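**Student:** Structure for this input, please:
(2 chains)
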Amino acid sequence: MTAQSEIAPARAADPPPDKPRRARNQKVHKLTRTDLIVVSVMVAVPTLLVLVLVWFPAVATVALSFTNWNGIGALSSIKAIGADNYTNVATNYPPFWPALQHNLLWLAVLFVVATPFGMFLAVLLDKEIKGSRVYQTAFYLPVIMSLALVGFVWQLIYSRDQGILNAVLGTQIDWYGDSSINLWAALVAASWKHVGYIMLLYLAGLKAVDPSLREAAMIDGANERQAFFRVIFPVMRPINIIVLVITVIEALRAFDLVYVINKGRNGLETIATLVTQNVVGEASRVGFGSAMATIMLVISSIFVAIYLTIVMREERQK
Amino acid sequence: MTDLAVRPARVWPKPPRIVLHAFLVIVSLGWIFPIAWAIYNSFRDYSYTAQNGYVSFGGFTIKNYLNAWTQGDFGIHFWNSLVITAPAVIVTLFLACCVGFVLSRFSFRFNLSLLAIFLAANLLPPQSLLIPVYRMFRSTELPFWLSDSGSLLNSPIGVILMNIAFQLGFCTFVLSNYMKTIPNEIYESARVDGASVTRQFFQLTLPLCRPPLAALATLQVTWVYNEFFWAVVLIQRGDKLPITSSLGNLQGQFFTDYNLLSAGSVLVMLPVLIIFFALQKQFVSGLTLGATKG
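**Tutor:** Numbers count the residues shown, from 1 in each chain, chains lettered A, B, ... in the order given. Reported below is the predicted structural model:
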């Protein structure tokens, strides 16, 4: 999603309201001529849109990463220069390795802290407790906000002179500005949003787990923890993998938050901000930026592939 | 959960409920604190907080909101957001219905690969597509009545298009799955009555898909409204930015007045908060639509 934006939303199999299905597929050759045209248009328009706006640019990015184009000259002035851009990125571009490190740290924190905590909250809230809805609402309020706004709201806490954090701690730290800690400050804000999302996904997952599984485990003498980790957690495998994919893609896309804080400089570089800076920034180095963009594409496509494999397996079973 | 016959429950007693509630109360209060803090300070006078510090009580005013609205040009930016969000959501849902309909009704050999093309598209990092998209949009000429920049760059149409392309996958997936649950007999009788595919789509499928469409619409409005990246890179004129992406601009203008900044944040938050509280059920079911197995 959007950077979302957004966020890569949860996607696996859907909850069909009832079971009656099958026996649907209409044979294509039974269609009249007009119907065939209508059907073709219904598929062709959206497909074309996605191919032109997403898949063609993806392929073009990979191709451009092997050229020396500066983005100004005509398309015919593009020269292939082999893997030079990649060597340059790796050896001759100081912000690259720190940025990659930041992305990895982002992933590590989301994965080791935020995701388990979200899961933990889901387990707690899945019990029949009073006011569960109220607690849930509190936890997913941040989920509905854009990461840009999250960065903004946390500024009121982190500000050196006017933030509450320094007022409470009695310190004078510039949490967003100091390059040795601003990544951690950003990560707290990012986790704040991530936890609620993960909680929501696991809550849905837990509701779908057959309660008799847990009861059976308890009768066999397992305690709560054992029942969860040995029985319920493995059963939620599809959700676990989707959460993994979402977390990885989220970490890779880390952009909005750091861009709002300081345009992703001074300790907050990520691959996504470096790509953007090399294209729309002062120096427009298209080939070079494309090399980094391709690295992003390759990493994410591994996880997209994992994701698709699961989804498609479930689709085929239907 | 009554414990008749569930013996082991007594051997391993549940943790006391009070501890659980205490924990949840503390954590959830901590969770809403940043938002509550922004709302609280947005109603306070800057000179009061400057004098008494932020950890104080008093100096209430609504001036910050009036100032934020005028200084941040909120009217224009909210309008820009509306101009982008409304068409993007409507077109996305309509196109997703079209693809979902075909995928669920007819079996072509390429059905699964088609779904994969859509689904994978919205998981790719948008930044990695930026260069070609930027160049494509800059060289796409549009008549001036459509875009006053003369191209897709600096035009809401460009941002709308990218939003549609990125959101189509999720919506198509959810809708096609839902449509598969519509019994074939309904279509069968429609066909016997001589209804064309177009009529089946508009008069049978679409009305039946109201529940997922409501959930998706709620979710999509929030996502497109929250979208930041494409608007920032494709629109370079400050007065054309939607509200979420114009946040960065406000920062400079407000620089030290954090009360004003709070008021601005709350204003930006307001539409999604309203949607969330008014349509919470739709919202949550939408978020988990893709994630659970019935």
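
**Student:** residue ranges of the helices in the stretch 51-200 of chain B, please?
**Tutor:** Here the stretch 51-200 of chain B has its helices, by DSSP state H, counting those that start in this stretch, at B:63-71, B:74-105, B:111-121, B:130-139, B:156-179, B:184-192, B:197-199.

**Student:** mind listing what's buried in the shortest one?
**Tutor:** This means helix B:197-199. Of the residues in helix B:197-199, residue B:197 count as buried by neighbour count, 16 or more other CB atoms under 10 Å in any protein chain shown. Bear in mind the C-beta positions are built from the backbone N, C-alpha and C, glycine included.

**Student:** Please name every helix or strand in contact with it.
**Tutor:** In terms of contacts (3 or more CB pairs under 8 Å, 6 or more residues apart in numbering or on different chains; DSSP states H and E), helix B:197-199 is packed against helix A:33-50.

**Student:** what does the helix it packs on contact?
**Tutor:** By CB atoms under 8 Å, 6 or more residues apart in numbering or on different chains, the residues outside helix A:33-50 that reach it are A:28, A:31, B:95-96, B:98-99, B:101-102, B:106, B:114, B:117-118, B:121, B:161, B:164-165, B:168-169, B:172, B:196-198, B:201.

**Student:** Would you tell me what the next helix or strand after it is?
**Tutor:** The helix or strand immediately downstream of helix A:33-50 is helix A:56-64, counting by DSSP states H and E.

**Student:** Now do that next one: which elements does it pack against?
**Tutor:** helix A:286-317, helix B:130-139.

**Student:** residues making contact with whichever helix or strand comes after it?
**Tutor:** Helices and strands here follow DSSP H and E; after helix A:56-64, the next one along the chain is helix A:84-92. Defining contact as CB under 8 Å, 6+ apart, one finds that helix A:84-92 is touched by A:65, A:66, A:68, A:96, A:287, A:288, A:290, A:291, A:292, A:295.

**Student:** Now pLDDT and distance to residue B:25 too, for the residues you listed, in TSV please.
**Tutor:** Below are those laid out as TSV (pLDDT from 0 to 100; distance: CB to CB, whole Å):
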residue	pLDDT	distance to residue B:25
A:65	90	52
A:66	92	57
A:68	82	60
A:96	92	45
A:287	85	55
A:288	86	52
A:290	90	50
A:291	92	50
A:292	92	45
A:295	92	45
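
**Student:** in the stretch 101-250 of chain A, which spans are helices?
**Tutor:** Under DSSP H, counting those that start in this stretch, the stretch 101-250 of chain A gives helices at A:115-126, A:132-140, A:147-158, A:164-169, A:182-208, A:211-219, A:224-226, A:233-235, A:237-253.

**Student:** circling back: give me the buried entries from the contacts of helix A:33-50.
**Tutor:** A:31, B:95-96, B:98-99, B:101-102, B:106, B:114, B:117-118, B:121, B:161, B:164-165, B:168-169, B:172, B:197, B:201.

**Student:** Residue B:41 touches residue B:56, doesn't it?
**Tutor:** No - using CB atoms under 8 Å, residue B:41 makes no contact with residue B:56, being 10.4 Å away.

**Student:** Spit out the residues that contact those two alike.
**Tutor:** Joint contacts of residue B:41 and residue B:56 (CB under 8 Å, 6+ apart) are residue B:49.

**Student:** Pipe the helices and strands packed on helix A:56-64 into TSV and attach distance to residue A:76 and mean neighbour count per row.
**Tutor:** Shown next, in TSV, are the helices and strands packed on helix A:56-64 (distance: least, CB to CB, whole Å; neighbours: other CB atoms under 10 Å in any protein chain shown):
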stretch	distance to residue A:76	mean neighbour count
helix A:286-317	15	20
helix B:130-139	14	21
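
**Student:** Including distance to residue A:86, could those go into CSV?
**Tutor:** As requested, the helices and strands packed on helix A:56-64 are exported to CSV (distance: least, CB to CB, whole Å):
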stretch, distance to residue A:86
helix A:286-317, 5
helix B:130-139, 16
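
**Student:** Report the central residue of the chain.
**Tutor:** I went with chain A, as the question did not name one. Nearest to the mean C-alpha position of chain A, by CA atoms, centre = their mean, lies residue A:250 at 2.4 Å.

**Student:** Actually, chain B is the one I wanted.
**Tutor:** Geometric middle of chain B (CA atoms, centre = their mean) lands on residue B:223, at 1.8 Å.

**Student:** Find the residue ranges of chain A scoring beneath the pLDDT cut-off.
**Tutor:** A:1-29, A:71-74, A:281-283, A:318 (pLDDT under 70).

**Student:** highest average neighbour count across the helices of the stretch 101-250 of chain A?
**Tutor:** helix A:147-158 (a mean of 26; mean count of other CB atoms under 10 Å in any protein chain shown).

**Student:** is it anywhere near chain B?
**Tutor:** Yes - residues of helix A:147-158 contacting chain B under CB under 8 Å from any CB of the partner chain: A:147, A:148, A:149, A:152, A:153, A:154, A:155, A:156, A:157.

**Student:** nearest residue to the third one other than its sequence neighbours?
**Tutor:** For residue A:149, the nearest residue in space outside its immediate sequence neighbours is residue B:268; the separation is 5.7 Å by CB to CB, 6 or more residues apart in numbering or on different chains.

**Student:** Now the helix or strand containing that neighbour: average pLDDT?
**Tutor:** Element membership for residue B:268, per DSSP H and E: helix B:258-278. Helix B:258-278 shows a mean pLDDT of 89.

**Student:** do stretch B:70-89 as well
**Tutor:** For stretch B:70-89, mean pLDDT rounds to 92.

**Student:** Now do the buried residues in that stretch.
**Tutor:** In stretch B:70-89, counting by 16+ other CB under 10 Å, buried: B:72-74, B:76-78, B:80-81, B:83-85, B:87-89.
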